[in-house]
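Participant: Next input, structure requested:
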Amino acid sequence: MLAATFFDGERWRDGVVGLGADGRPQLRDEAPSPGTPALVGRIVGGFTDHHVHLQLVDHTLLASSCLGRVVDLGGDPSTVASIAVHNAGELADGGGAGAVSRTVGPDSPELRTVRYAGAFLTSPGGYPSDRAWAPAGSVREIADPAGAAAAVAEMAASGASFIKVASNSTAGPVFSDALFRAIVELAVAHGLSVVAHAEGTGEAQRVVRLGATQLAHAPFTERLDDEEIAEQAVRASWISTLAIHDPAARAIAIDNVARFHAAGGTVRYGTDMGNGPTPVDLNPDEVRALRTAGLDDEPLLRALAPVDPLDPRSLILLLPPGSADPLAARPLTPADLKV
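Facilitator: Next up is the predicted model:
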């Protein structure tokens with residue numbers, strides 16, 4: 001056993017690390033004995049990308065990545081559920097009434113958790129119903145409360161962890177306030193929260209006011225004023241996706257995120273993986289953009305929401321001594337435990 005310092009998702013702690021019965025490194029929440037040799041470096045769990053589209057990338061590459069968890073925010077629910085099984089060994093535990101669990105052999109011995117929202121819920125003719133990139137079965141066009149009830153129930157039964165609502169007024173019609181609220185209420189009845197793609201003047205403010213608890217993209221259409229930022233910081237979390245934008249939209253989003261973070265808002269690392277040539281791994285451009293917005297060291301690691309390194313199935317990463325730089329992380333190997 002080696003003494004080890006590890007990040008538990010909030011702070012650095014002391015523990016011990018050694019080889020488990022399966023020959024893989026295993027971290028334990030135990031105080032090291034005096035004189036125990038120390039691991040060279042620090043431990044963190046695999047990182048989370050809170051906004052991916054696994055049908056648009058080679059999802060098998062997750063097995064060799066530094067990502068321990070991903071959140072798919074728009075795809076065909078049955079296909080994404082199968083991808084979740086392939087990569088994680090079981091369907092994501094989304095809390096939906098129809099969630100099921102199956103065990104299969106994943107591509108790597110470490111758990112890759114895949115959570116998902118299932119299909120985009122949008123107004124008839126709304127974004128992204130007309131997009132060529134949207135996979136078959138990935139959009140549900142909803143005209144009334146009955147359609148909303150059916151779609152939310154379908155996503156819950158598929159094992160969804162969230163409901164994804166598209167509210168892009170620059171690309172087509174969006175839900176009325178009443179129908180958006182109805183979707184939120186239906187989601188809550190199934191134990192699910194609503195993640196919204198908000199694009200267009202006033203949409204980020206509107207969807208949060210109507211009950212969305214997370215924005216799939218940090219607001220990039222317009223600069224929110226300080227009062228709007230303060231309200232958002234209390235009511236919703238933001239997924240960053242800063243690096244996907246053109247320079248003008250990126251500058252707006254980074255400014256919004258910087259003030260949102262300063263106001264105590266919760267920022268989650270996300271890349272919109274699959275939107276263009278994004279890596280199926282940690283994205284250096286997104287990390288650099290978050291640093292520009294003022295998130296670094298422990299705040300940056302919290303945004304990356306590492307999986308629990310104490311879970312024997314989790315991906316465990318090694319950082320250099322004294323480092324909190326996620327871009328310097330690599331998988332911990334048995335060779336690292338040799339004294």
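
Participant: Could you use CA atoms for every contact and neighbour count after this?
Facilitator: Will do.

Participant: mind checking which helix or strand the residue nearest the centre of the chain is in?
Facilitator: For the chain, the residue nearest the mean C-alpha position is His50 (1.2 Å; C-alpha atoms, centre = their mean). For His50, the host element (DSSP states H and E) is strand 47-52.

Participant: going on from that strand, what's the next piece of helix or strand?
Facilitator: Remark: after strand 47-52, the chain's next helix or strand is strand 67-72, criterion DSSP H and E.

Participant: so how far is Ala182 from the residue nearest to the centre of the chain?
Facilitator: 25 Å (C-alpha to C-alpha, to the nearest Å).

Participant: Check Asp311 too.
Facilitator: 38 Å.

Participant: returning to that earlier point: list the helices and strands the strand holding His50 packs on?
Facilitator: With contacts defined as 3 or more C-alpha pairs under 8 Å, 6 or more residues apart in numbering; DSSP states H and E, strand 47-52 has these neighbours: strand 67-72.

Participant: centre of the chain versus the strand it packs on, how much separation?
Facilitator: 6 Å (C-alpha atoms, centre = their mean, to the nearest Å).

Participant: Gly172 against Gly125, yeah?
Facilitator: Yes. With contact defined as C-alpha atoms under 8 Å, Gly172 reaches Gly125; the gap is 6.5 Å.

Participant: where does the chain dip in pLDDT?
Facilitator: 86-110 (pLDDT under 70).

Participant: Now with 50, please.
Facilitator: Along the chain, segments meeting pLDDT under 50 span 89-106.

Participant: ranges for the helices of it?
Facilitator: 77-88, 145-157, 177-189, 203-209, 226-235, 247-262, 284-292, 297-303 (DSSP state H).

Participant: May I see those helices organised as CSV, with mean neighbour count and distance to Thr333 added?
Facilitator: Rendered in CSV, the data for these read as follows (neighbours: other C-alpha atoms under 10 Å; distance: least, C-alpha to C-alpha, whole Å):
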stretch, mean neighbour count, distance to Thr333
helix 77-88, 22, 20
helix 145-157, 20, 38
helix 177-189, 19, 42
helix 203-209, 21, 43
helix 226-235, 16, 39
helix 247-262, 20, 35
helix 284-292, 18, 23
helix 297-303, 20, 21
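
Participant: Just put these in JSON lines and tack on distance to Ala328.
Facilitator: As requested, the helices of the chain are exported to JSON lines (distance: least, C-alpha to C-alpha, whole Å):
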{"stretch": "helix 77-88", "distance to Ala328": "24"}
{"stretch": "helix 145-157", "distance to Ala328": "37"}
{"stretch": "helix 177-189", "distance to Ala328": "39"}
{"stretch": "helix 203-209", "distance to Ala328": "34"}
{"stretch": "helix 226-235", "distance to Ala328": "30"}
{"stretch": "helix 247-262", "distance to Ala328": "23"}
{"stretch": "helix 284-292", "distance to Ala328": "10"}
{"stretch": "helix 297-303", "distance to Ala328": "12"}
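
Participant: Mind checking those for the one nearest to Gly137?
Facilitator: Checking these against Gly137 by C-alpha to C-alpha gives helix 77-88 as the closest, at 7.6 Å.

Participant: which helices and strands sit right next to that closest one?
Facilitator: Under the contact definition 3+ C-alpha pairs under 8 Å, 6+ apart, helix 77-88 sits against strand 113-116.

Participant: which helices and strands does the strand it packs on pack with?
Facilitator: Short answer (3+ C-alpha pairs under 8 Å, 6+ apart): strand 113-116 packs on strand 67-72, helix 77-88.

Participant: wait, Gln214 sits on Ala198?
Facilitator: No. If you go by C-alpha under 8 Å, Gln214 and Ala198 don't touch, sitting 10.0 Å apart.

Participant: neighbouring contacts of stretch 160-171?
Facilitator: Contacts of stretch 160-171 with the rest of the structure, by C-alpha atoms under 8 Å, 6 or more residues apart in numbering, involve 73-74, 77, 92-96, 99, 115-122, 126-128, 152, 155, 174-175, 187, 192-201, 203, 207.

Participant: Please list only the buried members of those.
Facilitator: Buried subset of these (neighbour count, 16 or more other C-alpha atoms under 10 Å): 73-74, 77, 92-96, 99, 115-122, 126-128, 152, 155, 174-175, 187, 192-199, 201, 203, 207.

Participant: Need the helices and strands packed on strand 113-116 in TSV (columns: distance to Ala251).
Facilitator: Shown next, in TSV, are the helices and strands packed on strand 113-116 (distance: least, C-alpha to C-alpha, whole Å):
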stretch	distance to Ala251
strand 67-72	25
helix 77-88	33
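
Participant: between the ones you listed, which gets nearest to Ser237?
Facilitator: Closest among the helices and strands packed on strand 113-116, using C-alpha to C-alpha: strand 67-72, at 14.5 Å.

Participant: Adjacent strands (with direction) for that closest one?
Facilitator: Its sheet considered, strand 67-72 pairs with strand 47-52 (parallel), strand 113-116 (parallel) by DSSP bridges.

Participant: Keeping just the C-alphas, turn the shortest one into PDB.
Facilitator: Output of strand 113-116 as PDB, limited to C-alpha atoms (Å, rounded to 0.1, in the frame of the first residue of the first chain):
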ATOM      1  CA  THR A 113     -21.200   5.800 -16.600                       C
ATOM      2  CA  VAL A 114     -23.500   7.000 -19.400                       C
ATOM      3  CA  ARG A 115     -26.500   9.000 -18.400                       C
ATOM      4  CA  TYR A 116     -28.900  10.400 -21.000                       C
END
